[in-house]
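In: Build me a model from this:
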Amino acid sequence: MNLLFCFQDCLSRIVLRKKTVIVLIIVFLCSTLCGIIFVKTPTFYEFHLRQCNRYLDQVCYSQTNVIVICFRRFFGCLLYILLLTAAGIHPVALIFAPLALVYRAYTFGGSVFLLVSAYRASGVVVLLTIFLPVHILSDVLFLAVATLSFERAFRFRCCADHLRGIATDFLVAAIVGFAICLFEAFLLVALFHPIGNFI
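Out: Residues are numbered from 1 along each chain as shown. Got it, this is the predicted structure:
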């Protein structure tokens with residue numbers, strides 16, 4: 001399998017679906033804005049606060065080995081990729097793609113607001129140095145996978161070629177996801193974790 005060709009093929013198919021990309025970006029940005037606007041409502045404040053606390057405790061300031069954190073984060077990334085890829089097997093299943101993106105964007109918006117408002121200077125440092133860069137890279141990946149699912153869903157057939165195609169798309173996305181998690185692990189070691197937590 002020529003991975004370089006697979007990457008190029010995925011990119012070319014994404015470029016051909018410019019309108020889908022634009023719509024998904026608008027949905028994502030609107031959901032992020034809603035997360036920021038409604039974060040202080042009693043229903044959602046505690047939820048977002050728990051999300052932030054868990055991120056800070058289990059990722060940024062955790063005493064856990066960074067490699068373990070990297071693979072945990074990759075597993076979570078892989079679940080998103082799997083869900084978004086599986087959405088491309090049938091037009092009806094496509095509903096799961098925007099739902100997953102809306103949930104992620106909504107929690108992203110709430111987390112950004114709380115990192116700044118509740119954690120002040122330390123939260124801003126975490127936001128700018130690791131949370132924002134890694135989240136944006138991951139979101140670009142998930143938007144790309146969702147776009148590929150929209151491109152595939154209306155022509156997908158349960159045959160060898162199409163199954164091989166969906167497996168290839170999943171593999172390409174998984175490789176990119178792992179690279180993002182490795183980048184996050186590097187930032188953790190460089191900025192937040194002692195070197196001893198890497199080995």
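
In: Okay, buried residues for the helix or strand hosting Glu151 please.
Out: Here Glu151 sits within helix 132-153, counting by DSSP states H and E. Residues of helix 132-153 classed as buried by neighbour count (16 or more other Cβ atoms under 10 Å): 134-135, 137-139, 141-153. From N, CA and C alone the C-beta is placed, and that goes for glycine too.

In: Stretch 172-186 too?
Out: 172-174, 176-178, 180-181, 184-185.

In: How about stretch 100-114?
Out: 100-102, 104-114.

In: Ok, stretch 158-171 next?
Out: Across stretch 158-171, burial judged by 16+ other Cβ under 10 Å covers 165-166, 168-170.

In: Work out the gap between that stretch and the centre of the chain.
Out: Remark: stretch 158-171 is offset 22 Å from the chain centroid, using Cα atoms, centre = their mean, to the nearest Å.

In: and if you look at stretch 146-165?
Out: With Cα atoms, centre = their mean, you get 21 Å for stretch 146-165.

In: Give the rounded mean pLDDT of it.
Out: Per-residue pLDDT over stretch 146-165 has a mean of 85.

In: ok, now stretch 43-50?
Out: Here the average pLDDT along stretch 43-50 is 87.

In: Name the residues that touch that stretch?
Out: By Cβ atoms under 8 Å, 6 or more residues apart in numbering, the list of residues contacting stretch 43-50 from outside reads 35, 38-39, 107, 110-111, 113-114, 118.

In: one step back: generate JSON lines for the buried residues of stretch 172-186, with secondary structure as supplementary columns.
Out: Listed next are the buried residues of stretch 172-186 as JSON lines, based on DSSP: H, G, I helix; E, B strand; the rest coil:
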{"residue": "Val172", "secondary structure": "helix"}
{"residue": "Ala173", "secondary structure": "helix"}
{"residue": "Ala174", "secondary structure": "helix"}
{"residue": "Val176", "secondary structure": "helix"}
{"residue": "Gly177", "secondary structure": "helix"}
{"residue": "Phe178", "secondary structure": "helix"}
{"residue": "Ile180", "secondary structure": "helix"}
{"residue": "Cys181", "secondary structure": "helix"}
{"residue": "Glu184", "secondary structure": "helix"}
{"residue": "Ala185", "secondary structure": "helix"}
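
In: before we move on, the earlier item: counting contacts, what elements does the helix holding Glu151 pack onto?
Out: Counting contacts by 3 or more Cβ pairs under 8 Å, 6 or more residues apart in numbering; DSSP states H and E, helix 132-153 packs against helix 3-15, helix 18-37, helix 66-86, helix 96-117, helix 160-187.
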